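>>> Here's my sequence, what's the structure:
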Amino acid sequence: MRLFPIALDLNGRRALVIGADGEVPYTVERLLSAGARVSVVAPGQVDASIERASREGRLELHRRPFVDGDLAGAAIVFLAPGDDALSRRLHRELADAGRLVCTLDRPEVSSFVNPSVVSASGLTMSFSSHGVSPGTIRRIREDLSALFSDPRFARYIEALRRLRESLPRGAERAARMRQATSGFGLEARLRFPPWLERGDEP
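Just a heads-up that it's a prediction; the model follows:
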């Protein structure tokens, strides 16, 4: 799958989520943070975070199976994996109509890939394995979230924001910003499972 990464404005627009397990709670929270009007349709068990958001009036929760009428007005559609027939049908119908549909962790039945996102201290990063290893992406997301949650990073970003806003656009601002960011960097190392270090297959 060849991808063209974009950031989508969903503020005030309806997002439909079918299912309520796996990565759905994380996706729902991201949709809510983006200002989307979220509707969740799920006949089975519902994650506690989705239940709580429903009680608080932050989303609509429908405890029943999906019906085609649920698609009305939806700017974007997410499905939890599990119902392959439904995923294939909605992908075929919605993608052919130019609408956005994603079965989580199933790029072959999605018109776009839902990248993992880290948002911390004013920094937003997104990354994807193109569906190869959601578990690895989840671990990267968790590690980066912990790294950039360092309160010093928040102070650093806030100080840069104040500096940038205090200076007029032009060469002086560019020079001052370069000077202020000099010395910042990441020190990291990768750790791999034992089977890879042994040269084996998983």
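
>>> buried stuff in stretch 34-48?
Along stretch 34-48, these residues count as buried under the neighbour rule (16 or more other Cβ atoms under 10 Å): 34, 36, 37, 38, 39, 40, 41, 42, 46, 47. To be clear about C-beta, it is placed using only N, CA and C from the backbone, and glycine gets the same treatment.

>>> Kindly report the same for stretch 140-156.
Along stretch 140-156, these residues count as buried under the neighbour rule (16+ other Cβ under 10 Å): 140, 141, 144, 148, 153, 156.

>>> Can you get me a residue count around residue 88?
For residue 88, the count of nearby residues is 14 (other Cβ atoms under 10 Å).

>>> where does it fall, helix, sheet strand or coil?
Here residue 88 is helix, with the state taken from DSSP: H, G, I helix; E, B strand; the rest coil.

>>> quick revisit: just the ones of the buried residues of stretch 140-156 in helices?
140, 141, 144, 148, 153, 156 (DSSP state H).

>>> Could you list the low-pLDDT ranges of this protein?
The model of the chain has pLDDT under 70 over residues 1, 131.

>>> Helices of that one, start to end?
Per DSSP H, the chain carries helices over the ranges 24-33, 48-55, 84-96, 134-148, 151-166, 171-181, 194-197.

>>> contacting residues around the longest one?
The set of residues that contact helix 151-166 without belonging to it, under Cβ atoms under 8 Å, 6 or more residues apart in numbering, is 120, 121, 122, 123, 173, 176, 177, 180, 181, 184.

>>> The last one now?
Residues from elsewhere that reach helix 194-197, judged by Cβ under 8 Å, 6+ apart: 201, 202.

>>> how about that helix: buried residues?
Going by 16+ other Cβ under 10 Å, helix 194-197 has no buried residues at all.

>>> Check stretch 99-106 too.
100, 101, 102, 103, 104, 105, 106.

>>> Please state the offset of that stretch from the chain centre?
Taking Cα atoms, centre = their mean, to the nearest Å, the mean C-alpha location of stretch 99-106 is offset from the chain mean by 12 Å.

>>> end-to-end on that stretch?
In terms of Cα to Cα, to the nearest Å, the two terminal residues of stretch 99-106 are separated by 17 Å.

>>> Give me the contacts around that stretch.
In this structure, residues lying in contact with stretch 99-106 by Cβ under 8 Å, 6+ apart are 8, 22-24, 27, 74-81, 87, 90-91, 94-95, 109-114, 131, 134.

>>> Could you name the residue of the chain that is farthest from its center?
Largest separation from the mean C-alpha position in the chain: residue 172, at 36.4 Å (Cα atoms, centre = their mean).

>>> Filter the contacts of stretch 99-106 down to just the buried residues.
Buried subset of the contacts of stretch 99-106 (neighbour count, 16+ other Cβ under 10 Å): 23-24, 27, 74-81, 87, 90-91, 94, 109-114, 131, 134.
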